[in-house]
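In: pasting the structure only:
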């Protein structure tokens, strides 16, 4: 599943700002999982998060329902 | 998952009108979640909503079942 | 998820006829939801239905399992 | 979700043969539904089936798990 | 859902080898179904399997979680 | 579902490093399955893993929720 990775898009810019400001975020997945942490990078396929225990999780964008 | 983001399409125009008129909307997701609020922006990947507590939720279009 | 929106396709023509003849239809979604009503418009992304209480629902084609 | 609709493909030819020979088929969907009947047409988006009560069901290919 | 059907890809070559060597394989689907048997052909859309009772099942690649 | 297979992408490079360093990884699937093991190869469609019993599993990227 290819997402549009055009940095002028609000959805991409929103994630870039979350990365810059290291804002905590909650990501709900299609599996029902809720992951919380800070986003450290994103690309066409994935978003990489770090939780409070410094554990990295690479979330595949295809599985995202919403972010808060 | 790329949606068609052609603003002449009824589905895109409908969301644009919801944004302009700040109409409350209900979005049912493939996870079973039902989100209610006002749509504040949309792009190829996402729809951003604000609920009555001013909490922002960025919904990924790939996860939408229907909107009411 | 882009569907093929070529009006020569039987699947697209079938929906056009349902719209013209205002035939009641049942749509089963990947969420398990069953929606019934009349289809009033369709495009690459969505199908808009009206139920017997005149409530509009915009169904995202990506979430459709089958129509009857 | 666009499927490859190249009639030289075994998967497309298999469905064409099922249509020509009116062979009964079982289709399992991602919803868990199992539909049985004869395939009467197919295109990029859908497969149309008729069951033993002559009820037509248009199955969206995106929702198919397997056919038997 | 179009998969990459480039026969130089390890994933496509792996299936070609399973076909040539008639190796028994287990396929887990997004529905939770587990199908076992020998793969007899594959294309962009599907993988066709035969089980020990010679029953053919055409699995849609879009529904595959993993193969063992 | 085609993923972007550009080796300059962080998500693809991350998997290449996991392969090179034979780092144990956990992959959560949309089915709810959690697979653990070492990644031995990846391509546009799949990731191949080997578990501690040397059992190979070819995971289809379309079914991945996240990797840890």
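Out: Yep, it's here. Because the structure is a prediction, the values reported are computed rather than measured.

In: in chain A, which strand has the most residues?
Out: Scanning chain A for the strand with the most residues, using DSSP state E, yields strand A:34-42.

In: what comes up buried for the helix or strand following that strand?
Out: The helix or strand immediately downstream of strand A:34-42 is strand A:46-50, counting by DSSP states H and E. Neighbour-count burial for strand A:46-50, with 16 or more other CB atoms under 10 Å in any protein chain shown as criterion, is recorded at A:46, A:47, A:48, A:49. No exception for glycine: its C-beta is placed from N, CA and C like everyone else's.

In: can you tell me the centre-most residue of chain A?
Out: In chain A, the centroid-proximal residue (CA atoms, centre = their mean) is residue A:47; its distance is 4.1 Å.

In: partner residues bridging that one?
Out: Per DSSP bridges, the residues bridged to residue A:47 are residue A:42, residue A:59.

In: re earlier: what about the longest strand of chain A, distance to the chain center?
Out: When distances are taken as CA atoms, centre = their mean, to the nearest Å, strand A:34-42 is centred 5 Å away from the chain's centroid.

In: and stretch A:33-52, by the same measure?
Out: On the basis of CA atoms, centre = their mean, stretch A:33-52 sits 4 Å off its chain's mean C-alpha point.

In: show me which of the buried residues of strand A:46-50 is closest to residue D:9.
Out: residue A:46 (30.8 Å; CB to CB).

In: tell me which residues touch the residue lying closest to residue A:51 once chain neighbours are set aside, please.
Out: For residue A:51, ignoring the flanking residues on the chain, the nearest one in space by CB to CB, 6 or more residues apart in numbering or on different chains is residue A:37 at 3.9 Å. By CB atoms under 8 Å, 6 or more residues apart in numbering or on different chains, the residues touching residue A:37 are A:24, A:25, A:49, A:50, A:51, A:52, A:57.

In: which of those ranks first by neighbour count?
Out: Highest neighbour count within those, by other CB atoms under 10 Å in any protein chain shown: residue A:49, with 23 neighbours.

In: go ahead and confirm that residue touches residue A:64.
Out: No. When contacts are counted by CB atoms under 8 Å, residue A:49 is not listed as touching residue A:64 (11.3 Å).

In: joint contacts of those two?
Out: Contacts common to residue A:49 and residue A:64, judged by CB under 8 Å, 6+ apart, are residue A:27.

In: related to what we said a few turns ago, ok, so of the buried residues of strand A:46-50, who is nearest chain F?
Out: The closest of the buried residues of strand A:46-50 to chain F turns out to be residue A:46 (CB to the nearest CB; 3.9 Å).

In: quick check: that closest one touching residue F:12?
Out: No. Using CB under 8 Å, residue A:46 is not in contact with residue F:12; the gap is 9.2 Å.

In: near chain D, anything from stretch A:60-68?
Out: No. Under the criterion of CB under 8 Å from any CB of the partner chain, chain D is not reached by stretch A:60-68; the shortest gap measures 12.0 Å.

In: which bits of chain A sit near chain F?
Out: Neighbours of chain F within chain A, by CB under 8 Å from any CB: A:1-2, A:5, A:29-31, A:33, A:35, A:41, A:43-46, A:48, A:55-60, A:62-63.

In: need the buried ones from those residues selected in ChimeraX.
Out: Restricted to buried positions by 16+ other CB under 10 Å, the ChimeraX selection for the residues of chain A next to chain F reads:
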select /A:1,5,29,30,31,33,35,41,43,44,45,46,48,57,58,59,60,62,63
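
In: give me the mean pLDDT for stretch A:46-55.
Out: The predicted model gives stretch A:46-55 an average pLDDT of 97.

In: who's in contact with that stretch?
Out: A:15, A:25, A:27, A:35-42, A:56-61, A:64, F:10-11, F:14, F:68.

In: apply 7 Å and report the result again.
Out: A:15, A:27, A:35-41, A:56-61, F:10-11, F:68 (CB atoms under 7 Å, 6 or more residues apart in numbering or on different chains).

In: which stretches of chain A have low pLDDT?
Out: Within chain A, the stretches with pLDDT under 70 are A:1-4.

In: check contacts around residue A:64.
Out: By CB under 7 Å, 6+ apart, the contact list for residue A:64 reads A:27, A:29, B:60, B:63.

In: for those, which one is nearest chain E?
Out: Taking CB to the nearest CB as the measure, chain E lies nearest residue A:29 of the contacts of residue A:64, at 14.0 Å.

In: how many neighbours does the residue lying closest to residue A:15 once chain neighbours are set aside have?
Out: Nearest residue to residue A:15 in three dimensions, chain neighbours excluded: residue A:42, at 4.9 Å (CB to CB, 6+ apart). Residues near residue A:42, counting by other CB under 10 Å, number 21.

In: pretty sure residue A:42 sits against residue A:17.
Out: No. Checked against CB atoms under 7 Å, the pair residue A:42 and residue A:17 is beyond contact range at 11.3 Å.

In: grab the nearest non-local neighbour of residue A:6.
Out: Setting aside the residues directly before and after it, residue A:6 is nearest to residue A:12 in space (CB to CB, 6+ apart), at 6.5 Å.
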